[in-house]
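Peer 1: fold the following, please.
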Amino acid sequence: MAIDDELGLLAHPRGTLDPRDPKALAAAVRDLATREDIGRFIVGLPLHLRGGEGASARDARRLGQLVADSTGCMVELWDERLSTVQAQRSLAASEVRGKKARAHIDEAAACAILQAWLDARQARRKGP
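Peer 2: This is a model prediction of the structure:
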């Protein structure tokens, strides 16, 4: 998980949630939305390199629906292709490797996904 700063410019890590128990996940997401005053969730959509959807994308869509139903917040799906690669590179650049890197890869990927969404939103606001 990741959240943005007050200005909506930078993504910051907020740990991970276990998706195996949908009721517990829904409660945790609802609590996060309330605690952090979240109005919108960005859910990574894992597309194939050519843009097609597979089982993981269907799971992401179900997760997005669970989040929307649990929180009443808007949910936007965002193409997450290569976010894990980007997260691995970021962790390596900060000299986080091995077991420590594996423990933080999902959190770093969440930051990469949110940061890409924030950057695209800023670019749209600035226009051509």
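Peer 1: so after the helix or strand in which residue 29 is found, what's the next helix or strand?
Peer 2: Residue 29 is part of helix 22-36, with elements assigned from DSSP states H and E. Going down the chain from helix 22-36, the next helix or strand is strand 40-45, by DSSP H and E.
Peer 1: can you list the buried residues in the helix or strand just after that following strand?
Peer 2: Following strand 40-45 in sequence order, the next helix or strand is helix 55-71 (DSSP H and E). By 16 or more other CB atoms under 10 Å, the buried positions in helix 55-71 come out as 57, 60, 63-64, 66-67, 70-71. Every residue, glycine included, has its C-beta placed from N, CA and C.
Peer 1: helix 55-71 vs helix 22-36, what angle?
Peer 2: If you take axes from the mean of the first three to the mean of the last three CA atoms, to 10 degrees, helix 55-71 sits at 60 degrees to helix 22-36.
Peer 1: low-scoring stretches of the protein, by residue?
Peer 2: Applying pLDDT under 70 to the chain flags the ranges 82-89, 91-103, 128.
Peer 1: helix, strand or coil for the most centrally placed residue in it?
Peer 2: Geometric centre of the chain, nearest residue: residue 110, 3.7 Å, by CA atoms, centre = their mean. Using DSSP: H, G, I helix; E, B strand; the rest coil, the structure places residue 110 in helix.
Peer 1: for it, give its distance to residue 104.
Peer 2: Relative to residue 104, residue 110 is positioned 10 Å away (criterion: CB to CB, to the nearest Å).
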